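Q: 3D, please:
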Amino acid sequence: MDNTTQDNALSTRSGFVAILGRPNAGKSTLLNHLLGERIALVSHKANATRKQLQVIVPYAPMKAQIVFVDTPGIHHKERLLNQYMLAQSLKAISDCDLALYLAPISDELSYYEHFLSLSGGLPHLLVLSKIDTCSKEQLLAKIAQYQAYAKDFLALLPISVKKGFDRELILKNIATHLPYAPFFYEDNILSPTALKEIYKEMIRESLFENLSDEIPYEADVIVDTCKEDVKMDRIYARVIVEKESQKAMVVGKGGSSIKRIGKLARQKIALFSTKQVFLRLDVEVHRGWSKQKDMLKKIGYDFV
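A: The predicted structure follows:
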């Protein structure tokens, strides 16, 4: 029996699907809507996502298990952390079976052309997003522009996350192109990503939502301990910044800012875990942490 016959003899499909696009294209927002849970970091600021995050979405009508891989935006910058982020996206391109390339309606085609130059022929669905921000005529004109690349994508799917979209249609299109294979994970697993990493991202999201534009890019989070009990998760974490002045802003007058950040983070974590949450947040200064490979490794960025 050849490999094709063996594959078709299986009744299930399974595969890894990278969500790709430029920074701030809305990749994490789309992922959360496909999952039905708020797990990926969402921010209106570019480059919020720094590492890959895997989440599992079943598609029962086709007996499929889709393992989505959320990635940082495809971009080029000189900073060491930005180089790591690009490497994460390129790794997803090389490792995954399929991709969703997210192209906001306002994007120039050059972003998509850049992706094609990096993709190595990775099969992908082109998702044209934020179509609620344009007229019908503008939408048709943009679709016509992308049709010049019809040989490169499997399908073009216009959507608006804000107004709602056909989730089933996207999942069906993905599942159709996945290989026949056994499921990688048990049915009840939401994400193979460690719980500490998920909680870290929720704390980082709280930083983005509570601080001025420049601070979150100079800050990160280390979760030192995560103790899981039946009724409560106890989390001890540190916010890392590069300057004393940034620490003062994160802490706030009388601790007002860090209390606000902690409260929001607890709410996010509790909504996800469905348990009570104890969270202790400390703030430390590590000058130039984003430019030091050893420090980046300590924070959790797995340079090779």
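Q: so who does the closest residue to T12 other than its chain neighbours touch?
A: Sequence neighbours aside, K63 is the residue nearest to T12 in space, at 4.7 Å (criterion: CB to CB, 6 or more residues apart in numbering). Yep, even glycine has a C-beta here, placed from its N, CA and C like the rest. For K63, the contacting residues are 11-13, by CB atoms under 8 Å, 6 or more residues apart in numbering.
Q: As a check, name the ranges of all helices in the stretch 101-250 of the chain.
A: 109-119, 136-146, 167-176, 195-210, 214-217, 244-251 (DSSP state H, counting those that start in this stretch).
Q: and the fourth one, what does it pack onto?
A: Taking 3 or more CB pairs under 8 Å, 6 or more residues apart in numbering; DSSP states H and E as the contact definition, the neighbouring helices and strands of helix 195-210 are strand 53-59, helix 214-217, strand 220-228, strand 232-241, helix 256-273.
Q: buried ones in the third one?
A: Residues of strand 220-228 classed as buried: 220-223, 226 (neighbour count, 16 or more other CB atoms under 10 Å).
Q: How is the chain partitioned into domains?
A: 13-177, 195-299 (the TED database).
Q: Which stretch among those approaches D187 most closely?
A: domain 13-177 (6.9 Å; CB to CB).
Q: any idea of the mean pLDDT for the closest one?
A: Averaging pLDDT along domain 13-177 yields 81.
Q: re earlier: what distance do you get for the residue nearest to T12 to I189?
A: Separation of K63 from I189 (CB to CB, to the nearest Å) stands at 17 Å.
Q: and what of E201?
A: 17 Å.
Q: repeat for V251
A: Distance from V251 to I189, by CB to CB: 37 Å.
Q: These two: who's more crowded?
A: Ranked by neighbour count (other CB atoms under 10 Å), V251 and I189 place V251 first, with 19 against 12.
Q: re the thing from before, among the helices and strands packed on helix 195-210, which comes closest to D70?
A: strand 53-59 (4.4 Å).
Q: re earlier: would you format the buried residues of strand 220-228 as CSV with distance to L178 and pLDDT included?
A: Formatted as CSV, the buried residues of strand 220-228 follow (distance: CB to CB, whole Å; pLDDT from 0 to 100):
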residue, distance to L178, pLDDT
D220, 34, 87
V221, 34, 90
I222, 36, 89
V223, 33, 90
C226, 33, 89
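Q: how about those residues, which pair is most distant?
A: Going by CB to CB, the pair spanning those furthest: D220 and C226, at 16.6 Å.
Q: Quick one, grab the pLDDT at the residue nearest to L281 when sequence neighbours are not counted.
A: Spatial nearest neighbour of L281, excluding adjacent residues (CB to CB, 6+ apart): G262 at 4.9 Å. Reading off the confidence values, G262 has pLDDT 95.
Q: Could you verify my assumption that G262 touches L279?
A: Yes: the pair G262 / L279 is scored as a contact, 5.5 Å apart, by CB atoms under 8 Å.
Q: And the residue sitting nearest the centre point of the chain, how far from A141?
A: Centroid-nearest residue in the chain: D70, 3.3 Å away (criterion: CA atoms, centre = their mean). Distance of D70 to A141, computed by CB to CB: 30 Å.
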